[in-house]
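> build the 3D model from these lines:
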Amino acid sequence: MVTLLFAPSWNLNVGSPHIGIAVIRSALEKSGVETCCRDLNWNYIVECEPNIATKFHTIFANCNSFEEMNSSYFDIEDELMKIAASYKGEWNLQLGFRYDKLSFSSSKDIKNAIELDSPFTAYFREDVIRWINKRNPDIIGISIAGSYQIIPTLQLIWLLRKSGYGGFVLVGGNIISRLKEEIKQCDWLFDLVDGFIYFQGERPLIQITNTLKANKDLSSVSNLIWRQDGSIVENPRENVMNPDDISTPDFEGLPIGKYPGVNYIPLLAARGCYYANCSFCAIPYGYGNNGPCGIRSSQLLIDDMIKLKQKWNINRFKFMDEAMAPKTLKQLSGLILNQSMSFEWEGYLRLEKCWTDARFVRDLGLSGFKKGYFGLEIVPEESRKYLTKSDKAGDLLAIIKRAYDEGIKVHLFCLFGFPGTGKKEAEATIEFILKHKDIIDTVDINPFSYAKHTSVKGVRKIINPEHDWALEYEFEAVSKGALSSLEVESLAAEMEEVLWQDCPRLLHPNYRLFSPWSSSTPINRKNNAVSVAPQRPHRR
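Have a look, this model is predicted:
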């Protein structure tokens, strides 16, 4: 028996569970392994802080203005901050809990935090560990998708071991993949954890269940880091799975339909990014193939949507691909229209040529495609060449207008301060957004960060030996016109403030949780002339 857990301290503002453990569960069940799942992140709020859970849902039921939405947002965060303060920490509503003086970028701090009490300690002891020990699974797998989950995950495992659990404990997820070299340098981790799975995890988990059943060692298990005879060993990586061999995600045991906001079901049409050449992006590394890892058949995707809609009575789907391929978009919309099916769906996108095709966009709108999240970064200028995007951003306004006319809302991801770009590009981008705010639904303003596993010209990353688990680095300029990390942060904050003062809808984290879905938008997206509280939700 296998128990899969999603760790606490993930972003609390979600309309669905994280897709990771649902995909793993599906593969295990298909191979004949009994598997159960729990979302410890949202379950903690529901079971331990029911008053906060109620307030989460109230935001979306009763808020008809940004003033009300702000008030509810900060009311929830204030309660979380009060909880965190008693553990000498803080709780950012969009990011999670962290200790004031301990960093999850430091393996030393992480080690020192394992035995500390946290907001989750009582929940772990009184609920999770009792539940686990009653079931006594052979294997426990915990998924870490964000840095804020690292410490709570290891605290749970430490408490589990203290309680007497002697089964096999695995930890995986995107963060583990990106830190696999550093993990191998921390022998103490393997006093708690039996193995870390890097990159894709379905086959390794199936292999581990078979290996343990046969009472053999783990040397034949792919994508595994473990301790063998006192030495830390990294087993060879296995080739990526064919997406068509993967079953429909299995969300059994997860509270589908009960998350804050308008609920949807997450799906993957592909693994990895089909483009994978943006110079600032570390995403390709995390999938283990340095780029594309295969695209699922569109017919199989439709079959997934039909099965999941029938099971959960939800017809809204969000594709979690890093960028949906134009071929997939075209085939999905065609299948939906040809079979007269009713779905609402959204996805992350590149500014490709297909978005200049009126028939392509019209069919997408008719098929129920409600919102597209485009990687703009900065408006079309010569300096976009530094980003190596190679897209059709020169047609940006025409793309946005056409999408708007077909009922498709647009989100723009912006990236300011990449070497070779600066304040001029940032201001031009903000000017464009505000000029066309009536046809742009939401925006993210991100400062350029020097990500681990990338190499960027024009700046030099600053290595802090104390932050050996850092996934992003501060940096200094080494070429003319480049900005330092502090200057980039300041620039992004300044530009974000301009947007907030003019049109808060573009940035509000709670608004965007219902904005894509046509039947559930209490605030008109053209209502820009609103007064807002002096404070605003924190930037992600």
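> how close does Gln94 sit to Arg512?
According to CB to CB, to the nearest Å, Gln94 and Arg512 sit 11 Å apart. Backbone N, C-alpha and C define where each C-beta goes, glycine included.
> same thing with Thr248?
Relative to Arg512, and taking CB to CB, Thr248 is found at 27 Å.
> of the two, who's got more company?
Taking other CB atoms under 10 Å, Thr248 and Arg512 do not tie; Arg512 has more neighbours (22 against 19).
> what about the stretch 251-400 of the chain, any weak spots by pLDDT?
289-291 (pLDDT under 70).
> mind listing the strands for it?
Per DSSP state E, counting those that start in this stretch, the stretch 251-400 of the chain carries strands over the ranges 265-267, 316-319, 344-349, 369-377.
> quick check: Phe418 is in a helix.
No: Phe418 sits outside any helix when classified using DSSP: H, G, I helix; E, B strand; the rest coil, being coil.
> quick check: it touching Tyr386?
Yes: applying CB atoms under 8 Å, one finds Phe418 in contact with Tyr386, separated by 6.0 Å.
> so Asn446, which state does it fall into?
strand.
> number of nearby residues for it?
17.
> do Arg384 as well
Using other CB under 10 Å: Arg384 sits among 21 other residues.
> let me see the contact set for Ile183.
Ile176, Leu189, Phe196, Ile225 (CB atoms under 8 Å, 6 or more residues apart in numbering).
> filter the residues you listed to the buried ones?
Ile176, Leu189, Phe196, Ile225 (16 or more other CB atoms under 10 Å).
> ok so the third one is a strand residue?
What that stands for is Phe196. Yes: counting by three-state DSSP, one finds Phe196 located in a strand.
> I'd guessed it sits against Gly172; true?
Yes: contact status for Phe196 versus Gly172: in contact at 6.7 Å, counting by CB under 8 Å.
> average pLDDT for the helix or strand in which Thr429 is found, rounded please.
Following DSSP states H and E, one finds Thr429 within helix 423-435. Averaged over helix 423-435, pLDDT sits at 96.
> again with stretch 158-167
95.
> same deal with stretch 449-456?
92.
> stretch 16-24 too?
92.
> start and end of it, how far apart?
End-to-end span of stretch 16-24 (CA to CA, to the nearest Å): 16 Å.
> list the buried residues of that stretch.
Ser16, Pro17, His18, Ile19, Gly20, Ile21, Ala22, Val23, Ile24.
> which ones are touching Pro137?
So Pro137 contacts Met1, Val2, Thr3, Cys36, Gly167 (CB under 8 Å, 6+ apart).
> the longest helix in this protein is where?
Secondary structure of the chain per DSSP state H: the longest helix is helix 66-85.
> tell me what that one is packed against?
helix 50-62, strand 89-92 (3 or more CB pairs under 8 Å, 6 or more residues apart in numbering; DSSP states H and E).
> next SSE downstream of the shortest one?
Past strand 89-92, further along toward the C-terminus, the next helix or strand under DSSP H and E is strand 96-99.
> averaged pLDDT, that following strand. What do you get?
Rounded mean pLDDT across strand 96-99 is 94.
> can you list contacts of it?
With CB under 8 Å, 6+ apart as the criterion, strand 96-99 contacts 8-12, 80, 84, 87-92, 104, 109, 113, 116, 118-120, 146, 148-149, 151-152.
> brilliant, that's me finished.
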